[in-house]
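Please work out how this folds:
(one chain, ligands or ions: 1)
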Amino acid sequence: RDGFLRIGALVTETQLEESAAVAERYPILLDTARVIADPLVRNRATVCGNIAHGDPANDHPATMLALRARVVATGPDGERTIDIDDFFHGLFMTALGEDEILTEIQVPVPPAGSGGAYVKLERKVGDYAVAGVAVQLTLDGEGKVTQAGVGLTNLGFAPIRATAAEETLLGADFVPAGGLRGAIERVRDAITKAPGADEVIAAAAQAAADMTEPVEDRRGTVENKTNKASVHTSRAIRQALARAGAGG
Ligand SMILES: Cc1cc2nc3c(=O)[nH]c(=O)nc-3n(C[C@H](O)[C@H](O)[C@H](O)COP(=O)(O)OP(=O)(O)OC[C@H]3O[C@@H](n4cnc5c(N)ncnc54)[C@H](O)[C@@H]3O)c2cc1C
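Numbers count the residues shown, from 1 in each chain. Purely as a prediction, here's the structure:
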């Protein structure tokens, strides 16, 4: 409605998983809901609760950062809308006031040529992430990235929007892998020494890893988690590109 997918306060993870509209238009949300805990938890847990809790280990915050969502806070003085970039203030700290609850998440409808993916590494099914990465991309008709969103899970004291990775991806050319145009572009890149898709993805993955501040715990060392951030950013970018209809 009005250019947004609206997720109300009572919507559970299971409802998100079972929504045909979400599967069709927001595969990144389906990726995310599917890897949260287990079906017993997902039957009860709400998407808004996942955001409102302010836990950097929760999976939806990174995805909502990548999707440039906004949230509606409702309190005694009425409603206010908060950009997701302004919502997470730190470990279990959010922009919600003591007398407010989160009543809606608003996710912009992605333009044509968009694709997104959420990739999570967990020690075992149902666990919180060792590292999770959400990537949402929009490509123009020529395969050039016009919008990029990258969010990171459990790699710092708050969910991280990896702006440096987004900047690396913006404007990059990801010509569809097959066909004559793809072949011509690859020859041109070889001659001009323009960075190819693999180099851009590697640079973006490194930029994301450089923005993390993981702590050592049972899930891994700082070095290991930083490495996982890079590897999973790369995988999420490739999956997002494939869903947007490009190569890479
Ligand atoms: C065993 C287990 C495993 C889990 N694994 C994962 C995982 O892998 N990934 C993941 O992302 N999450 C995981 N979770 C968290 C879970 O998915 C829910 O996000 C979380 O429990 C919130 O559920 P809830 O909506 O019932 O909110 P509650 O648990 O009832 O609330 C959590 C907190 O948020 C506040 N709150 C809830 N809703 C709102 C609202 N609308 N407005 C304002 N404040 C609100 C509550 O007051 C409370 O402080 C796991 C939970 C469990 C129990």
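
Just the buried positions in stretch 216-235, please.
By 16 or more other CB atoms under 10 Å, the buried positions in stretch 216-235 come out as Arg219, Gly220, Lys225, Thr226, Lys228, Ala229, Ser230, Val231, His232, Thr233, Ser234, Arg235. All C-beta spots, glycine's among them, are computed from the backbone N, C-alpha and C.

Output the lowest mean pLDDT helix or strand found in this structure.
helix 179-192 (a mean of 63; mean pLDDT, DSSP states H and E).

closest to the ligand among the buried residues of stretch 216-235?
Arg219 (11.7 Å; CB to the nearest ligand atom).

Tell me which residues touch the closest one, please.
By CB atoms under 8 Å, 6 or more residues apart in numbering, the contact set of Arg219 is Arg123, Tyr128, Val130, Asn154, Lys225.

Which ones among the residues you listed also lie next to the ligand?
Near the ligand, judged by CB under 6 Å from any ligand atom, the entries from those are Tyr128.

List the buried residues of the longest strand seen in the chain.
Assignment by DSSP state E gives strand 129-139 as the longest strand of the chain. Within strand 129-139, the residues scored as buried using 16+ other CB under 10 Å are Ala129, Val130, Ala131, Gly132, Val133, Ala134, Val135, Gln136, Leu137, Thr138, Leu139.

repeat for stretch 101-118
Under 16+ other CB under 10 Å, the buried positions of stretch 101-118 are 102-107, 110, 113-118.

so His60 sits right up against Asn50, yeah?
Yes. His60 is within contact range of Asn50, at 4.4 Å (criterion: CB atoms under 8 Å).

which of these two has more neighbours?
Legend: neighbour count by other CB atoms under 10 Å for His60 and Asn50, higher for His60 (30 against 22).

mind saving the C-alpha coords of the longest helix anywhere in the chain as PDB?
Longest helix in the chain, counting residues (DSSP state H): helix 222-244. Provided in PDB are the C-alpha atoms of helix 222-244 (Å, rounded to 0.1, in the frame of the first residue of the first chain):
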ATOM      1  CA  VAL A 222      37.600 -11.800  16.100                       C
ATOM      2  CA  GLU A 223      39.700 -12.800  13.100                       C
ATOM      3  CA  ASN A 224      37.300 -15.700  12.300                       C
ATOM      4  CA  LYS A 225      34.200 -13.500  12.400                       C
ATOM      5  CA  THR A 226      35.900 -10.700  10.400                       C
ATOM      6  CA  ASN A 227      36.700 -13.300   7.700                       C
ATOM      7  CA  LYS A 228      33.200 -14.700   7.800                       C
ATOM      8  CA  ALA A 229      31.800 -11.200   7.300                       C
ATOM      9  CA  SER A 230      33.800 -10.800   4.100                       C
ATOM     10  CA  VAL A 231      33.000 -14.300   2.800                       C
ATOM     11  CA  HIS A 232      29.300 -14.000   3.500                       C
ATOM     12  CA  THR A 233      29.100 -10.400   2.100                       C
ATOM     13  CA  SER A 234      30.500 -11.800  -1.200                       C
ATOM     14  CA  ARG A 235      27.900 -14.700  -1.200                       C
ATOM     15  CA  ALA A 236      25.000 -12.300  -0.400                       C
ATOM     16  CA  ILE A 237      26.100  -9.900  -3.200                       C
ATOM     17  CA  ARG A 238      26.200 -12.800  -5.700                       C
ATOM     18  CA  GLN A 239      22.800 -14.100  -4.700                       C
ATOM     19  CA  ALA A 240      21.300 -10.600  -4.800                       C
ATOM     20  CA  LEU A 241      22.800 -10.000  -8.300                       C
ATOM     21  CA  ALA A 242      21.400 -13.300  -9.500                       C
ATOM     22  CA  ARG A 243      17.900 -12.400  -8.200                       C
ATOM     23  CA  ALA A 244      18.200  -9.000  -9.900                       C
END
